[in-house]
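K.L.:
I need the structure of the sequence given here:
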Amino acid sequence: MANVAENIVTSLRANGVERVYGIPGDSLNGFTDALRKDGTIAWVQTRHEEAAAFAAAAEAALTGELAVVAGSCGPGNLHLINGLYDANRSRVPVLAIAAHIPTTEIGTGYFQETRPQELFRDCSVYVEYVADPRQMPRLLEIAMRAAIEQRGVAVLVIPGDVALQDIADDRAVVIERSHPVVVPRGDELERAATLLNAAKKVTILAGAGAEGAHDEVVALADRLGAPIVHALRGKEFIEYDNPFDVGMTGLLGFASGYRAMEAADALLVLGSDFPYEQFYPEKATTIQVDIRGSQLGRRHPLDLGLVGDVRATVDALLPRLARQDDRGHLDDALAHYRKTRAKLDDLAVPTKPGRPIHPQYLARLLDEHAADDAIFTADVGSPTVWAARYLHMTEKRRLIGSFTHGSMANALMHGIGAQISHRDRQVVALAGDGGLAMMLGELLTLVQHDLPLKTIVVNNSSLNFVELEMKAAGFVNFGTGLTNPSFAAVAEAMGIFARRVENSEDLPDAVREVLAHDGPALLDVVTERQELSMPPAVKAEQVGGFALYAIRTVMSGRGDELLDLARANWRQLF
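P.N.:
This next block holds a predicted model:
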């Protein structure tokens, strides 16, 4: 007779799960031993449970299928929580097995005791405690279905002793994801068509919900004569092969995306929960389409909210729309995009010998030399800025990041899951020096599992985006400097091929060499600390804050920083 842990493994195998991420521990022994005896599901050991959760999140994001992570009791599964928050907020299906202390000791303040059900409730769509083997496999099936259908994290809390108990029903049910087609009612579509047909200047904002609807959204833009602005999470799904694309808006975007929305008299939001209220046009008629009705109107007042998936809704809407023959708004937005794009590209140039490298130049070279089907991951902060602005998506390229949860150190951890689930694809992790140092031990995970991940370090000796936020708010930079080693030397000590580049003239060859290496590789690039990643629209309070920062910096005896700042960004200002 099988025990609970063995039944879990049987059920995971039946559902096509190929690997489980985690770190072993005594309360997980029943589960890991069941994996060992089964032999068909790989155990992917990381150096920190947080990395295991982020890796699972990346796998789920790329495949759309259930990914699994496990943590031992107390501190073990507690380390999962940041990665599980990321997965849940990114809406990807992840199952977490959270081992618990012995059943008889729960509530006694036992060694490593926590309250897992309470801890994981806020970062999951389902969490339940297995107190009796008779609850299984039913609770496992409910958990898997919740993760798959609700696109989120499901957590099963299982004491180690319960996992080793015999199970009466050793069934293994296959949970197949449903694919409903959700379309607004006919009268709602007619109302949307009336509003759009009456508008002279329509702009489309497309987000992650546009996945799988690229051609339909492009056809819609052609019908409406509408420029398409993309949110960060929509970039990989809508940017490529799109003659109507005018770039991204938001804090990480650039001027043309902002301008195309600001000039619109009607804004059509497709599958986006774009959070920054200040970037929405104040006077435009706003229509939003989202598969989740609870998302409608959360960020900006709506004239019409439609519940539906983007592809089906656009298909149903198109026949109701008149063709917009006046292309003035579209032509103006595209012309402004070309100018904006040219200005951005002008910043992606080499520096003089002896000067730190412009990160824009690094990102441009990565874009030029990476594979057409490369998977990019990017750390939160300035690496995400450069990825958003300089990495061009193709139909096969992917871009993964902690774009909603906003966690540091995600690039390497996401990269592990991306690479181990796609060994035949090039995976490039654009990591900040602060993020990489935070989870440095995961470089050893690459070596242990022979993962050919390419880690690119934006090494500016600072928490760079935090410094920018301080400047914009009028604060003197404080507590953001980093004393870094040669990350290339550290990687080499771990058995990873590595290069360190301090001069622009050496960078092209180094990028090509690292990307072409057959195995794990790291490129440590010394970049300009004072580089400004300017937002698409600079508000008066930001100008005032920056002036205040300058005054305070001089008064504190650090005026040389202003000279470095001016020197680094002279080409952006004039």
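K.L.:
make it CA atoms for all contacts and neighbour counts henceforth
P.N.:
Will do.
K.L.:
measure residue 137 to residue 428 for me?
P.N.:
39 Å (C-alpha to C-alpha, to the nearest Å).
K.L.:
go on, residue 13?
P.N.:
Using C-alpha to C-alpha, we find residue 13 at a distance of 29 Å from residue 428.
K.L.:
ok, those two, which is more surrounded?
P.N.:
A count of neighbours by other C-alpha atoms under 10 Å puts residue 428 above the other of residue 13 and residue 428, at 28 against 18.
K.L.:
Which helix or strand lies directly C-terminal to the helix or strand harbouring that one?
P.N.:
For residue 428, the enclosing helix or strand under DSSP states H and E is strand 427-432. Towards the C-terminus, the helix or strand next in line after strand 427-432, according to DSSP H and E, is helix 433-438.
K.L.:
got the buried residues for that next one?
P.N.:
When burial is assessed from 16 or more other C-alpha atoms under 10 Å, helix 433-438 yields the following buried residues: 433-437.
K.L.:
Same list (these) but as CSV, adding distance to residue 526 and pLDDT.
P.N.:
Supplementary listing: the buried residues of helix 433-438 in CSV, determined by distance: C-alpha to C-alpha, whole Å; pLDDT from 0 to 100:
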residue, distance to residue 526, pLDDT
433, 10, 96
434, 13, 96
435, 15, 96
436, 14, 98
437, 15, 97
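K.L.:
which among those residues gets closest to residue 312?
P.N.:
Nearest to residue 312 among the buried residues of helix 433-438: residue 435, at 39.6 Å, using C-alpha to C-alpha.
K.L.:
For residue 155, list each beta-bridge partner.
P.N.:
Here residue 155 sits in beta bridges with residue 96, residue 127, going by DSSP bridges.
K.L.:
How about residue 159?
P.N.:
In this structure, residue 159 has the following beta-bridge partners (DSSP bridges): residue 100.
K.L.:
Tell me the confidence at it?
P.N.:
pLDDT, residue 159: 98.
K.L.:
swap in residue 330?
P.N.:
The confidence metric pLDDT takes the value 98 at residue 330.
K.L.:
Would it be right to say that it lies in a helix?
P.N.:
Yes - secondary structure of residue 330, determined by DSSP: H, G, I helix; E, B strand; the rest coil: located in a helix.
K.L.:
residue contacts, it?
P.N.:
Taking C-alpha atoms under 8 Å, 6 or more residues apart in numbering, we find residue 330 in contact with 201, 225-227, 244.
K.L.:
that older thread, flag every buried residue along the strand holding residue 428.
P.N.:
Residues 427-432 are the ones in strand 427-432 that count as buried (16+ other C-alpha under 10 Å).
K.L.:
Throw these into a markdown table and include pLDDT and distance to residue 313, thanks.
P.N.:
Formatted as a markdown table, those follow (pLDDT from 0 to 100; distance: C-alpha to C-alpha, whole Å):
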| residue | pLDDT | distance to residue 313 |
| --- | --- | --- |
| 427 | 98 | 34 |
| 428 | 98 | 35 |
| 429 | 98 | 35 |
| 430 | 98 | 36 |
| 431 | 98 | 38 |
| 432 | 96 | 39 |
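K.L.:
so what's the residue most central in space within the chain bridging to?
P.N.:
Taking C-alpha atoms, centre = their mean, the centroid of the chain lies closest to residue 401, which sits 2.2 Å from it. The partner list for residue 401 in beta bridges (DSSP bridges) reads residue 378.
K.L.:
Can you name the residues that contact it?
P.N.:
By C-alpha under 8 Å, 6+ apart, residue 401 lies in contact with 377-380, 384, 410-411, 414.
K.L.:
May I see those arranged in CSV, with neighbour count and pLDDT as well?
P.N.:
Putting those into CSV (neighbours: other C-alpha atoms under 10 Å; pLDDT from 0 to 100) gives the following:
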residue, neighbour count, pLDDT
377, 29, 98
378, 30, 98
379, 32, 97
380, 24, 94
384, 26, 94
410, 33, 98
411, 32, 98
414, 30, 98
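K.L.:
ok, which pair from those residues is furthest apart?
P.N.:
For those, the maximum inter-member distance is 13.5 Å, found between 384 and 414 (C-alpha to C-alpha).
K.L.:
So which residues of the stretch 51-200 of the chain form helices?
P.N.:
The residue ranges that make up the helices of the stretch 51-200 of the chain, judged by DSSP state H, counting those that start in this stretch, are 75-78, 81-90, 116-120, 138-150, 160-163, 186-198.
K.L.:
wait, I meant the stretch 451-574 of the chain
P.N.:
Under DSSP H, counting those that start in this stretch, the stretch 451-574 of the chain gives helices at 464-473, 487-493, 507-516, 540-555, 560-573.
K.L.:
Check those helices for me: which has the lowest mean pLDDT.
P.N.:
Per-segment mean pLDDT for the helices of the stretch 451-574 of the chain reaches its minimum on helix 540-555, at a mean of 46.
K.L.:
which secondary element of the protein has the worst mean pLDDT?
P.N.:
For the chain, counting by mean pLDDT, DSSP states H and E, helix 540-555 ranks last in confidence among helices and strands (a mean of 46).
K.L.:
Reduced to three states, what does residue 24 come out as?
P.N.:
When the structure is split into helix, strand and coil by three-state DSSP, residue 24 lands in coil.
K.L.:
Let me see the contact set for the closest residue to it other than its chain neighbours.
P.N.:
Here the nearest residue to residue 24 in space, its sequence neighbours aside, is residue 72; by C-alpha to C-alpha, 6 or more residues apart in numbering that works out to 6.6 Å. Contacts of residue 72 were listed using C-alpha under 8 Å, 6+ apart, and they are 23-28, 98-100.
K.L.:
Let me know the closest of these to residue 525.
P.N.:
When those are ranked by distance to residue 525 (C-alpha to C-alpha), residue 23 comes first, at 31.5 Å.
K.L.:
I'd assumed residue 75 was in contact with the closest one.
P.N.:
No - under the criterion of C-alpha atoms under 8 Å, residue 23 lies out of contact with residue 75, with a separation of 11.4 Å.
K.L.:
Neighbour count: these two, which is higher?
P.N.:
The residue with more neighbours, out of residue 23 and residue 75 and counting by other C-alpha under 10 Å, is residue 23; that gives 22 against 13.
K.L.:
Now do that one against residue 49, distance only.
P.N.:
When C-alpha to C-alpha is the yardstick, residue 23 and residue 49 sit 6 Å from each other.
K.L.:
what's the overlap in contacts for the two?
P.N.:
71, 76.
K.L.:
returning to that earlier point: so which other helices or strands are in contact with the strand holding residue 428?
P.N.:
Contacting strand 427-432 under the criterion 3 or more C-alpha pairs under 8 Å, 6 or more residues apart in numbering; DSSP states H and E are the following elements: strand 375-378, helix 382-390, helix 410-421, strand 454-459.
K.L.:
Indicate which one of the ones you listed is closest to residue 57.
P.N.:
helix 410-421 (7.2 Å).
K.L.:
what is the orientation angle of that closest one with helix 382-390?
P.N.:
For helix 410-421 against helix 382-390, the angle by axes from the mean of the first three to the mean of the last three C-alpha atoms, to 10 degrees is 70 degrees.
K.L.:
List the buried residues in stretch 129-148.
P.N.:
Applying a neighbour-count criterion of 16+ other C-alpha under 10 Å, one finds 129-130, 132-133, 136-137, 139-148 buried in stretch 129-148.
K.L.:
and those, which two are the farthest apart?
P.N.:
Put simply, by C-alpha to C-alpha the two of those set farthest apart are 132 and 148, 24.5 Å from each other.
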